[in-house]
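Participant: Sharing a model prediction with you, sequence too.
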Amino acid sequence: DTGVSQDPRHKITKRGQNVTFRCDPISEHNRLYWYRQTLGQGPEFLTYFQNEAQLEKSRLLSDRFSAERPKGSFSTLEIQRTEQGDSAMYLCASSHPTSGRADSYEQYFGPGTRLTVT
Amino acid sequence: RKEVEQDPGPFNVPEGATVAFNCTYSNSASQSFFWYRQDCRKEPKLLMSVYSSGNEDGRFTAQLNRASQYISLLIRDSKLSDSATYLCVVEGVEAGNNRKLIWGLGTSLAVNP
C-alpha cells in the first residue's frame, strides 16, 4: 500500500493523559499536513511541514499540541494533558507541490486516528 | 463573510437525477480549487481539481466562476454510491503571502433508490 498511513486508527484515553499519533506520508511527498475533524464539520487545519520544517501552525494548536517531522519522512502529533474537547478524528495528509500547477495542493489523506477522551 | 461557504444540505435526490452544489469563496486571489468527497467516518478523498474555468470527469463536472467567486460541482445520472459529503476546498492567501487550503463544511448528498 503506497498511500498515507496513520497509527493508531483508534485511541481511547482518560482525561489528562498524553497521546501520540504517527503519520507516514506517501514516500515522494515532501509536504505533510495535520487536520482535526469533528462530526458535521470540515477538516480544521492544525499544522504543516515541508520536509522537516514546520512552516505553519494554526491558532487552534494550543501549547498542549506539538508536532514533529524529524527526518522529513514520518510525523508525530502529540497531545499532552488531553481534554474531552480534544475528542475528534485527527487526519494526516501529504502532497507534493509542483510550482505553477493548479494541482500543486492536491492532498491525499490517511484513514485518520479517532481519539476519544473519557 | 466566511472564507469558503457551502450549502450544508442535505440534498436528497432519486437515482438518475442531476444535482449541483455551489461553493462561494471570499479571497479573489485564490488560484487553486478542489472538490473532495468524504464518506461517513472515512477520510476525505480528492474528487476533482478545478482548472481554469472548469473540467469534466465522467459524470462529474466542476466549474469555476472567478468573477462571481464560486465553484460548482455537477453530478449527472447520480448513483446510490454517490451518497457522501462533498467538500469544497479553496487555496487561501494570508499575511506574508502564506498559502494554505481553506475547507468548506461540506454538502451532504443522499441518493435514494
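Facilitator: Noted; the coordinates are in hand. Just so it is clear, the structure is predicted and the values come from calculations on it, not from any experiment.

Participant: Can you name the residues bridging to the residue positioned nearest the centre of chain A?
Facilitator: Computing the C-alpha centroid of chain A and ranking residues by Cα atoms, centre = their mean puts A:Trp34 first, at 2.5 Å. Per DSSP bridges, the residues bridged to A:Trp34 are A:Thr47, A:Cys92.

Participant: mind checking how far the nearest residue to B:Ile102 once chain neighbours are set aside is from A:Cys23?
Facilitator: Of all residues not flanking B:Ile102 in the chain, B:Gly92 sits nearest, at 4.2 Å (Cβ to Cβ, 6 or more residues apart in numbering or on different chains). Heads up, the C-betas are built off the backbone N, CA and C, glycines and all. Per Cβ to Cβ, to the nearest Å, B:Gly92 is found 23 Å from A:Cys23.

Participant: What is the neighbour count of the residue nearest to B:Ile102?
Facilitator: 20 (other Cβ atoms under 10 Å in any protein chain shown).

Participant: which residues touch the closest residue to A:Pro25 other than its chain neighbours?
Facilitator: What sits nearest to A:Pro25 in space, not counting adjacent residues and going by Cβ to Cβ, 6+ apart, is A:Ser94, at 3.3 Å. Neighbour list for A:Ser94: A:4, A:25-26, A:29, A:31-33, A:107-108 [criterion: Cβ atoms under 8 Å, 6 or more residues apart in numbering or on different chains].

Participant: ok, back up a step: could you double-check that the residue nearest to the centre of chain A lies in contact with A:Tyr90?
Facilitator: Yes: using Cβ atoms under 8 Å, A:Trp34 is in contact with A:Tyr90, at 6.8 Å.
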